[in-house]
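>>> Below are the sequence and a predicted model; questions follow.
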Amino acid sequence: MKTEFRKWLPIIVMIIAATGAFTTHAMNVKAETNALVQGYLQINNSETECEESDMCLNTQTEIDCTVSGDQVYGKDEFGECTIKLYRPEQ
């Protein structure tokens, strides 16, 4: 019985290690996609002129990120405030 268990031990250890690796990777991906980003308010409805505001999520939730009724945006790759941001769900 002891000899049979020792034969399977390396396989069991590999399965446990692989499961742990996949779980850790999935947790990291979820954390990255739901990251808080710096939010900006558009000045005079201009996408190029913005001022810093609240930190918000870059992934869609049911709650828009607003300050005093004004939508908060994130900056795109050109530095323009065009990406709609959202509040974290609680």
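It's in.
>>> ok, residues contacting stretch 77-85?
Residues outside stretch 77-85 that contact it (Cβ atoms under 8 Å, 6 or more residues apart in numbering): 37, 39-42, 47-48, 50, 56-58, 64-65, 71-76. Where you see a C-beta, it was placed from the backbone N, CA and C, and this is true even at glycine.
>>> then that stretch to PDB, C-alphas only?
The C-alpha coordinates for stretch 77-85 follow below in PDB (Å, rounded to 0.1, in the frame of the first residue of the first chain):
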ATOM      1  CA  GLU A  77      -3.800  56.600 -25.700                       C
ATOM      2  CA  PHE A  78      -3.800  60.200 -27.100                       C
ATOM      3  CA  GLY A  79      -4.300  61.800 -23.700                       C
ATOM      4  CA  GLU A  80      -7.900  62.800 -24.500                       C
ATOM      5  CA  CYS A  81     -10.700  62.400 -21.900                       C
ATOM      6  CA  THR A  82     -12.900  60.000 -23.900                       C
ATOM      7  CA  ILE A  83     -13.200  56.800 -21.900                       C
ATOM      8  CA  LYS A  84     -16.400  56.600 -19.800                       C
ATOM      9  CA  LEU A  85     -15.600  55.400 -16.200                       C
END
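>>> Beyond the longest strand along the chain, next helix or strand please.
Looking across the chain with DSSP state E, the single longest strand is strand 46-57. The helix or strand immediately downstream of strand 46-57 is strand 66-67, counting by DSSP states H and E.
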